[in-house]
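K.L.:
Structure for the following, please:
(one chain, ligands or ions: 1)
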Amino acid sequence: MDFKSLANEYQTPLYVYDFDYMKAQFDELKEAFRGRKSIIAYAVKANSNLSVVKHFAKMGSGADCVSIGEVRRALLAGIAPYKIIFSGVGKTDDEIREAIEKDILYINLESEAELGRVELVAKELGKQARISIRVNPNIDPKTHPYISTGLHDNKFGVDLNSAKRMYIKAKNSENLDPVGIHFHIGSQLTELDPIRESAEIVADLVRSLQALDIELKFFDIGGGLGVKYKDEETIKPYDYAQAILGTLTAMDMTILCEPGRFLTANAGYFLTKVLYEKQNGEKKFVVVDGAMNDLLRPSLYNAYHGIEAITDNTEDEREVDIVGPVCESGDFFAKDYKLPPLNHNDLLVVKSAGAYGFGMGSNYNTRGRSAEVAIEDGKARLIRRRESFEDLIALEQEFLEN
Ligand code: LLP
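P.N.:
The predicted structure follows:
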């Protein structure tokens with residue numbers, strides 16, 4: 001990829017996404033579940049740019065959404081309503097109402113209290129709401145605690161007994177139609193055993209529900225497939241699919257899978273320009289024009305992103321901290337990272353930035369968010385323009401008079 005010309009044409013900081021890579025990832029996962037009814041429901045939160053979601057819509061993807069905003073995005077981008085699911089621990093009545101009216105595949109319930117709200121709202125609308133229940137299998141996924149979700153210590157899902165009670169309630173309700181079961185134990189998973197164990201626990205629950213005449217159609221295995229940021233051993237989609245399918249013998253359910261990171265992380269690059277180098281005592285810093293408001297993962301999770309320098313300098317590499325202009329010591333992309341000496345306007349390419357990159361951005365320090373560019377079939381096109389100062393003040397300016 002010619003990052004230098006992209007940076008010249010679209011300026012920096014800039015997000016660049018390889019759409020062909022996203023498609024290859026999608027195809028590999030879909031292929032892994034071949035011979036079985038399956039829906040891949042792209043987790044919109046990973047990268048919610050409309051053109052990205054539309055790209056997946058064209059592949060026949062569904063969407064996993066966690067706010068009504070994401071549901072609207074998915075619909076606008078052309079995802080079929082019957083492939084959209086709506087999850088999240090705290091949905092408002094308005095969100096629930098709109099999801100039922102839009103006739104999406106199902107609402108994923110995360111508590112008994114929520115079941116009550118959804119039933120009430122469906123009743124008011126004179127409708128039956130399709131639901132699934134997120135089961136918390138109490139399995140340690142062995143990932144970063146901030147993105148681990150399948151333990152009872154986490155706020156997500158309900159335990160097995162509550163789930164059973166909820167299914168019985170739903171079955172007996174005129175306004176609820178239990179169609180699915182769901183689990184998601186965490187993100188950036190690199191070990192298969194916790195996934196297999198969770199699937200076994202949830203499949204057993206499905207069997208005990210069958211004995212109660214509750215027949216579910218969708219077995220939703222969440223997202224979480226990890227990717228290579230540095231030297232991680234990742235799970236192969238084929239092995240993943242086999243592990244899941246192995247727990248579902250003699251069960252005719254459609255598999256629903258909600259990958260985000262797997263589809264987009266390594267399709268994305270964040271381009272930022274070197275402003276200058278500086279030295280504080282022993283420590284050397286490279287100050288760049290991108291910052292934590294553009295890509296938060298290093299600051300928030302101490303996450304590793306590979307960084308490549310595009311420079312004419314050929315001198316020996318040294319260890320540097322790569323930092324942005326934001327007024328926080330946590331504003332860095334990497335610490336003690338080996339790079340050659342850099343000049344003003346040299347380019348740094350921050351890799352694996354396609355998932356949870358732009359979407360977790362903000363306007364902190366009154367910095368406009370970067371532009372986003374798609375590369376497809378060797379051609380580049382803008383899919384979000386750079387935010388201007390006028391954009392940033394647009395929602396406040398009218399109140400200046402008061
Ligand atoms: N399904 C559910 C219910 C989820 O909560 C998530 C992610 C996904 C699917 C998609 O997971 P993935 O396939 O992308 O691992 N901001 C963090 C990641 C947060 C993940 C939240 N849930 C990061 O930058 O690493």
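K.L.:
Could I get the buried residue list for stretch 1-10?
P.N.:
Neighbour-count burial for stretch 1-10 flags 3, 6, 7, 10 (criterion: 16 or more other Cβ atoms under 10 Å). From N, CA and C alone the C-beta is placed, and that goes for glycine too.
K.L.:
which stretch of helix or strand covers the third one?
P.N.:
With elements taken from DSSP states H and E, the one containing residue 7 is helix 3-10.
K.L.:
What helices and strands are in contact with that helix?
P.N.:
Using 3 or more Cβ pairs under 8 Å, 6 or more residues apart in numbering; DSSP states H and E, the elements in contact with helix 3-10 are strand 14-18, strand 268-280, strand 347-350, strand 371-376, strand 379-384.
K.L.:
Looking at the buried residues of stretch 1-10, spot the one nearest residue 242.
P.N.:
Closest approach to residue 242 among these (Cβ to Cβ): residue 3, at 37.7 Å.
K.L.:
The closest one contacts residue 16, correct?
P.N.:
Yes: Residue 3 lies in contact with residue 16 (Cβ atoms under 8 Å); the separation is 7.3 Å.
K.L.:
any residues in contact with both of these two?
P.N.:
Shared contacts of residue 3 and residue 16 (Cβ atoms under 8 Å, 6 or more residues apart in numbering): 269, 271.
K.L.:
Check the secondary structure at the nearest residue to residue 59 once chain neighbours are set aside for me.
P.N.:
Nearest residue to residue 59 in three dimensions, chain neighbours excluded: residue 26, at 5.1 Å (Cβ to Cβ, 6 or more residues apart in numbering). Using DSSP: H, G, I helix; E, B strand; the rest coil, the structure places residue 26 in helix.
K.L.:
so who does residue 26 touch?
P.N.:
By Cβ under 8 Å, 6+ apart, residue 26 lies in contact with 40, 42, 56, 59, 61, 263.
K.L.:
Tell me which of those residues fall in strands.
P.N.:
Using DSSP state E, the members of these that fall in strands are 40, 42.
K.L.:
Would you mind listing which of the contacts of residue 26 are buried?
P.N.:
The neighbour count (16+ other Cβ under 10 Å) marks 40, 42, 56, 61, 263 as buried among the contacts of residue 26.
K.L.:
Can you read off the pLDDT for the last one?
P.N.:
Spelled out, it's residue 263. Residue 263 carries a pLDDT value of 98.
K.L.:
coming back round to it: closest to residue 355 out of the contacts of residue 26?
P.N.:
Nearest to residue 355 among the contacts of residue 26, counting by Cβ to Cβ, is residue 263 at 7.8 Å.
K.L.:
Quick check, the closest one in contact with residue 46.
P.N.:
Yes: using Cβ under 8 Å, residue 263 is in contact with residue 46, at 7.1 Å.
K.L.:
so what's in contact with these two at the same time?
P.N.:
residue 355.
K.L.:
on that earlier part again, biggest separation within the contacts of residue 26, which pair?
P.N.:
Greatest spatial distance in those: 59 and 263, 9.7 Å, computed using Cβ to Cβ.
K.L.:
got the residues of the stretch 201-350 of the chain near the ligand?
P.N.:
For the stretch 201-350 of the chain, the residues in contact with the ligand (Cβ under 6 Å from any ligand atom) are 222, 223, 224, 225, 258, 259, 260, 261, 262, 297.
K.L.:
Dig out what the fourth one forms beta bridges with.
P.N.:
The bridge-partner assignment for residue 225, based on DSSP bridges, gives residue 189.
K.L.:
OK, contacts around residue 291?
P.N.:
13, 324, 325, 326, 331, 365, 367.
K.L.:
do residue 30 as well
P.N.:
Taking Cβ under 8 Å, 6+ apart as the test, what residue 30 contacts is 38, 40, 59.
K.L.:
got the CA coordinates for the host helix or strand of it in CSV?
P.N.:
Using DSSP H and E, residue 30 sits in helix 19-32. Extracted C-alpha coordinates of helix 19-32, given in CSV (Å, rounded to 0.1, in the frame of the first residue of the first chain):
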residue,chain,number,x,y,z
PHE,A,19,-11.6,-3.6,2.1
ASP,A,20,-10.3,-6.6,0.3
TYR,A,21,-8.7,-7.9,3.5
MET,A,22,-12.0,-7.5,5.3
LYS,A,23,-13.7,-9.6,2.6
ALA,A,24,-11.1,-12.3,2.8
GLN,A,25,-11.5,-12.5,6.6
PHE,A,26,-15.3,-12.7,6.2
ASP,A,27,-15.1,-15.4,3.5
GLU,A,28,-12.7,-17.5,5.6
LEU,A,29,-15.1,-17.4,8.6
LYS,A,30,-18.2,-18.1,6.6
GLU,A,31,-16.4,-21.0,4.9
ALA,A,32,-15.5,-22.5,8.3
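K.L.:
between that helix and strand 268-280, how big is the angle?
P.N.:
Inter-element angle recorded for helix 19-32 and strand 268-280: 120 degrees (by axes from the mean of the first three to the mean of the last three Cα atoms, to 10 degrees).
K.L.:
Give me the mean pLDDT for helix 19-32.
P.N.:
98.
K.L.:
try stretch 330-344
P.N.:
Per-residue pLDDT values across stretch 330-344 average out to 97.
K.L.:
returning to what we had before: show me what the helix holding residue 7 is in contact with.
P.N.:
Contacts of helix 3-10 (Cβ under 8 Å, 6+ apart): 14, 16, 269, 271, 273, 310, 347, 349, 371, 373, 380, 382, 386.
K.L.:
Equivalent analysis for stretch 293-305, please.
P.N.:
So stretch 293-305 is contacted by 13, 144, 146-147, 229-230, 270, 272, 292, 324, 326, 328, 330-334, 350-353, 356-358, 360-365, 367, 369-370 (Cβ under 8 Å, 6+ apart).
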